[in-house]
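Q: need coordinates for the below:
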Amino acid sequence: MVGKIIRKLRIEKGITQNELSNYLGLTPKMISFYELGERFPPYDIINKLADYFNVSTDYLLGRSDIKNPEKLLSDYSNLSTDDLKVLEECIELKIKDK
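A: Now for the predicted structure:
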């Protein structure tokens with residue numbers, strides 16, 4: 001799962017395995033191992049990847065579908081009262097649809 005997410009984020013960012021490996025101080029082969037699920041990145045690499053792609057480690061590990069919850073909360077708190085009302089109505093409608 002982690003490997004697929006790393007690959008997806010790398011492609012979204014438009015960088016090669018070589019470019020990512022240079023940033024992380026690893027070989028391109030190690031990036032390939034991670035993406036193919038043949039190796040699991042250690043804790044320090046997980047943190048570097050999360051910082052590089054601006055996502056949470058939970059997202060990177062497949063524990064959350066939200067890339068950056070801190071940004072989401074920040075965006076939410078910056079909404080006007082009227083916008084918050086509209087957003088809450090949309091959420092209520094979405095919950096009813098389930």
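
Q: can you tell me how far the residue of the chain most remote from its centre is from residue 88?
A: Most distant from the centre of the chain: residue 82, at 29.5 Å, with distances by C-alpha atoms, centre = their mean. For residue 82, the distance to residue 88 equals 11 Å [C-beta to C-beta, to the nearest Å]. All C-beta spots, glycine's among them, are computed from the backbone N, C-alpha and C.

Q: can you give me the helices in the chain?
A: 2-13, 17-24, 28-36, 43-53, 57-60, 69-77, 81-97 (DSSP state H).

Q: make a markdown table from those and add mean pLDDT to it.
A: Formatted as a markdown table, the helices of the chain follow (pLDDT from 0 to 100):
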| stretch | mean pLDDT |
| --- | --- |
| helix 2-13 | 97 |
| helix 17-24 | 98 |
| helix 28-36 | 98 |
| helix 43-53 | 97 |
| helix 57-60 | 96 |
| helix 69-77 | 82 |
| helix 81-97 | 87 |
